[in-house]
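Undergrad: Provide a 3D model corresponding to the input given below.
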Amino acid sequence: MIHRLLSRRYYSSTQLVGDVGQYLKQCRINEVNTNSTVFRGTLYEFHVKHLLETKLQAKNMVRCGGAYDNGIDIIGQWDLTPFYKESLKINSIEQKISSSSLLNYTAGSSAKRPISLSDDIQLVVQCKNTKKRLGAAEVRQLSGTLEYHKFNKKKTFMLMVSPHPLTAQGISQLNKSTYPMINLVVSPLKNKIDHYDYASWEGGNLSSVYFNLAATKRLSGFRMDHQLLSLTN
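TA: Numbering: from 1, shown residues only. Alright, predicted model coming up:
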């Protein structure tokens, strides 16, 4: 389903590049200007993709950014099973689970159409490698992207990734959305040695995570606040 969607809407010249290492190798061969905003933005997107795969259990992720990405930079799936299993191990006061929680729609629940925590959750990612904090206007634009593509609100999480936290107005706008949206703050990438060598880049750390109200309700019972805190630097 994801790849059929990509073939119709999200074609990119770097779509066949699987990871950040391959992208940098391609850039070295083509002598790409590493000081350009296009290079820096694309590198940031590939790094975010790697971060999501290695730390947040994302899978089947495809970078589809470019001139015709329709507001989507990365798309794939989110395997929530490991987070759910870990939440069962956390000793704490029993939480009241929201009626909107995904746990009410999994196999074994009373849901007529059960949702698989490992295969049915879609991740839609937009990266904004900017030097300033994002505000309400950028969040409204993101909401428009979700409406345009008509994603299933119950099964889709939108990640807005940026080097700096949202402004107060941006957070307020994020909480007005009926779509589950999450802001990840991933610090800027820096390199003074070899721009074509991924290992020589520094930064790019996950420093904070903010869930809007819809995402908080959808993930109620997963103890994501506790688990993701351990991933931040």
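Undergrad: Check this structure and tell me which residue is nearest its centre.
TA: With distances taken as Cα atoms, centre = their mean, the chain has residue 159 as the residue nearest its mean C-alpha position (3.8 Å).
Undergrad: does the closest residue to it other than its chain neighbours sit in a helix, a strand or a coil?
TA: Residue nearest to residue 159 in three dimensions, not counting chain neighbours: residue 125, with 4.5 Å by Cβ to Cβ, 6 or more residues apart in numbering. Glycine gets a C-beta too; all of them are placed from N, C-alpha and C. Under DSSP: H, G, I helix; E, B strand; the rest coil, residue 125 falls in the strand class.
Undergrad: okay, now residue 125: neighbour count?
TA: 25 (other Cβ atoms under 10 Å).
Undergrad: Also the one 4 residues further on?
TA: For residue 129, the tally of surrounding residues (other Cβ under 10 Å) stands at 20.
Undergrad: How about it: what's its closest non-neighbour residue?
TA: Once chain neighbours are set aside, the closest to residue 129 by Cβ to Cβ, 6+ apart is residue 44, at 4.0 Å.
Undergrad: Isn't the one you found up against residue 127?
TA: Yes: in this structure residue 44 lies within contact range of residue 127 using Cβ atoms under 8 Å: 5.7 Å.
Undergrad: who touches the residue nearest to the centre of the chain in this structure?
TA: Taking Cβ atoms under 8 Å, 6 or more residues apart in numbering as the criterion, residue 159 is in contact with 52, 123-126, 181-184.
Undergrad: and if you look at residue 194?
TA: Residues in contact with residue 194, defined by Cβ under 8 Å, 6+ apart, are residue 200.
Undergrad: secondary structure element for it?
TA: Here residue 194, judged by DSSP states H and E, is contained in no helix and no strand.
Undergrad: quick one: it and residue 174, what's the gap?
TA: Note on residue 194: its distance to residue 174, by Cβ to Cβ, to the nearest Å, is 37 Å.
Undergrad: what do you get for residue 61?
TA: From residue 61 to residue 174 the distance is 22 Å (Cβ to Cβ).
Undergrad: got a list of contacts for the helix or strand containing the residue nearest to residue 129?
TA: Using DSSP H and E, the element containing residue 44 is helix 37-55. Applying Cβ under 8 Å, 6+ apart, the set of residues contacting helix 37-55 from outside is 14, 17, 19-20, 23-24, 27, 32-34, 58-59, 61, 63, 65, 73-74, 76, 123, 125, 127, 129, 159, 161, 184, 186, 189, 201, 204, 206, 231.
Undergrad: in this protein, which segments are predicted with low confidence?
TA: Low-confidence regions of the chain, defined by pLDDT under 70, span residues 1-17, 65-70, 91-95, 233.
Undergrad: one step back: so residue 61 and residue 174 - more neighbours on which side?
TA: Counted by other Cβ under 10 Å, residue 61 and residue 174 do not tie: residue 174 has more neighbours, with 28 against 21.
Undergrad: State the distance from the nearest residue to the more buried one once chain neighbours are set aside to residue 34.
TA: Sequence neighbours aside, residue 212 is the residue nearest to residue 174 in space, at 4.5 Å (criterion: Cβ to Cβ, 6+ apart). Applying Cβ to Cβ, the value for residue 212 to residue 34 is 35 Å.
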